[in-house]
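**Q** any chance you could fold what I've pasted below:
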Amino acid sequence: MGLYASLFMLRKTLRAQRGGLDEPSVVTEPHARLFGGIPNALVGSVYYSLLAGAVWLGQTSTLLRWTSVFAVVAAAATSAFLAYSLVVVTKRDCRYCWTSHAVNALLLISVPAALWR
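**A** Numbers count the residues shown, from 1 in each chain. Sure thing, here's the model as predicted:
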């Protein structure tokens with residue numbers, strides 16, 4: 001779900017860059033590019049893809065386990081900031097953003113549990 005939401009928002013970001021959006025969108029806000037001007041949706045797409053592989057391979061690698069946990073904690077913290085931004089700063093509704101935030105909260109619980117069972 002997180003990967004789908006990120007890919008959907010990445011497509012929307014690319015449409016916005018080409019001037020193809022007919023409505024206001026969170027993808028045009030400054031908080032949509034938190035990491036060096038890279039769209040959050042691109043960061044999320046890469047994150048979810050790499051996390052899936054890292055969790056699968058991390059069953060045998062302590063380094064991948066800790067890297068995965070660090071990534072999940074960083075993603076959850078970023079989600080908390082972006083959720084705050086949606087509610088307080090931009091005051092916009094974004095189903096795909098909230099889906100990613102919910103997925104990140106669930107990953108914060110499930111990934112460490114899966115890696116150390």
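**Q** and the helix ranked longest in the chain, what does it pack onto?
**A** Secondary structure of the chain per DSSP state H: the longest helix is helix 62-84. Judged by 3 or more CB pairs under 8 Å, 6 or more residues apart in numbering; DSSP states H and E, the packing partners of helix 62-84 are helix 40-57, helix 95-115. (C-beta placed from N, C-alpha, C; glycine too.)
**Q** would you convert those helices into a markdown table that also reports mean neighbour count?
**A** Converted to a markdown table, the helices and strands packed on helix 62-84 look like this (neighbours: other CB atoms under 10 Å):
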| stretch | mean neighbour count |
| --- | --- |
| helix 40-57 | 18 |
| helix 95-115 | 18 |
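**Q** so can I have JSON lines of those showing mean pLDDT?
**A** JSON lines is the format used below for these (pLDDT from 0 to 100):
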{"stretch": "helix 40-57", "mean pLDDT": "90"}
{"stretch": "helix 95-115", "mean pLDDT": "92"}
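**Q** and the ones you listed: which comes nearest Ala75?
**A** For those, proximity to Ala75 was assessed by CB to CB; helix 95-115 is nearest, at 4.8 Å.
**Q** would you reformat the helices and strands packed on helix 62-84 as a markdown table and include distance to Glu23?
**A** A markdown table is the format used below for these (distance: least, CB to CB, whole Å):
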| stretch | distance to Glu23 |
| --- | --- |
| helix 40-57 | 17 |
| helix 95-115 | 14 |
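**Q** could you pull out the buried residues of the longest helix of the chain?
**A** For helix 62-84, burial by neighbour count (16 or more other CB atoms under 10 Å) applies to Leu64, Arg65, Ser68, Val69, Ala71, Val72, Ala75, Ala76, Thr78, Ser79, Leu82, Ala83.
**Q** the second one reaches Ala114, doesn't it?
**A** No - with contacts defined as CB atoms under 8 Å, Arg65 does not count as touching Ala114, sitting 9.7 Å away.
**Q** can you tell me the centre-most residue of this structure?
**A** Gly44 (3.8 Å; CA atoms, centre = their mean).
**Q** so what's that residue up against?
**A** Gly44 sits next to Gly2, Leu3, Ala5, Ser6, Met9, Leu10, Ala75, Ser100 when contact means CB atoms under 8 Å, 6 or more residues apart in numbering.
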